[in-house]
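> could you work out the structure for the sequence below:
(one chain, ligands or ions: 1)
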Amino acid sequence: MTEYDYEALLKKAKCNLPEHVSDGERFQMPEPDLFIEGKTTVFRNFGEYADAFRREPEAILAYLLRELGTAGNLDGKRAVFKSRLVNEQVKSRLKAYFNTFVVCSECGKPDSRLVKDGRVLILECEACGAHRPVKVPRVITEVGPALVIGNTYEVLIQDLGRKGDGIAKIDKYAIFVPGTTKGTVVKIKIDNISGSVAFGHVVTE
Ligand SMILES: [Zn+2]
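Numbering: from 1, shown residues only. Okay, the predicted model is just below:
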């Protein structure tokens, strides 16, 4: 066995330790702090993500804009999107960014850096030394269901259906919410999902 192999094995062994034995806590994703201002969405704690992910804010923002299909810019530690977005939309993209570009698949820690190996982008874990290629899923929205029956979501009523029900949108879903008016932000619980159509009701808690 060469010395290099021994090093690699040691690192692998370290990675296989149960969570509580390794140092540090498992990464906790902050909640996105969004507020709608006119036709824009201000992402107040965007800087927290750039710090936690240890990636350039410009790179994270460029990814979010592409995935959300909207325009936007940085404003100090905040990001401003030129459309109205709800928490779930932003959060799911941040999670996807984290899973793709930040987290070590071996030890689950976010202490990583990206290096180029020819045309391949490699994620190097600084906690355990593991490497993995960065694979960008072609369609991020296909990563798990965006909507879950029984879960609550804060949504913007963007439209009205023929029977007067409010319609909100999350990813591919059109969600019908009776008793709501266009332009309002409401908290809803999902009652049913059928294909890309969902039904929900307003909750007050
Ligand atoms: Zn690792």
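> CA atoms for contacts and neighbours, from now on please.
Will do.
> residue boundaries of the strands in this structure?
Secondary structure of the chain by DSSP state E: the strands cover 34-37, 40-43, 72-75, 78-81, 112-117, 120-125, 131-133, 152-160, 166-170, 173-177, 185-194, 197-202.
> elements contacting the second one?
Put plainly, it is strand 40-43. strand 34-37, strand 78-81 (3 or more C-alpha pairs under 8 Å, 6 or more residues apart in numbering; DSSP states H and E).
> pick the most buried one from those.
strand 78-81 (a mean of 20; mean count of other C-alpha atoms under 10 Å).
> each with direction, which strands does that strand pair with?
Neighbouring strands of strand 78-81 in its sheet, by DSSP bridges, are strand 40-43 (antiparallel), strand 72-75 (antiparallel).
> starting at the chain centroid, how far to that strand?
Centroid separation for strand 78-81 versus its chain: 15 Å, with C-alpha atoms, centre = their mean, to the nearest Å.
> who touches it?
Residues outside strand 78-81 that contact it (C-alpha atoms under 8 Å, 6 or more residues apart in numbering): 40-47, 61, 65, 70-74.
> tell me where the model's unsure across this protein.
1-26, 137-146, 205 (pLDDT under 70).
> which bits of it sit near the ion?
By the rule C-alpha under 5 Å from the ion, the part of the chain lying against the ion is Cys104, Glu106, Cys107, Cys125, Cys128.
> for the residue most central in space within the chain, give its distance to Val177.
Of all residues in the chain, the one closest to the mean position by C-alpha atoms, centre = their mean is Leu94, 2.4 Å from it. Per C-alpha to C-alpha, to the nearest Å, Leu94 is found 27 Å from Val177.
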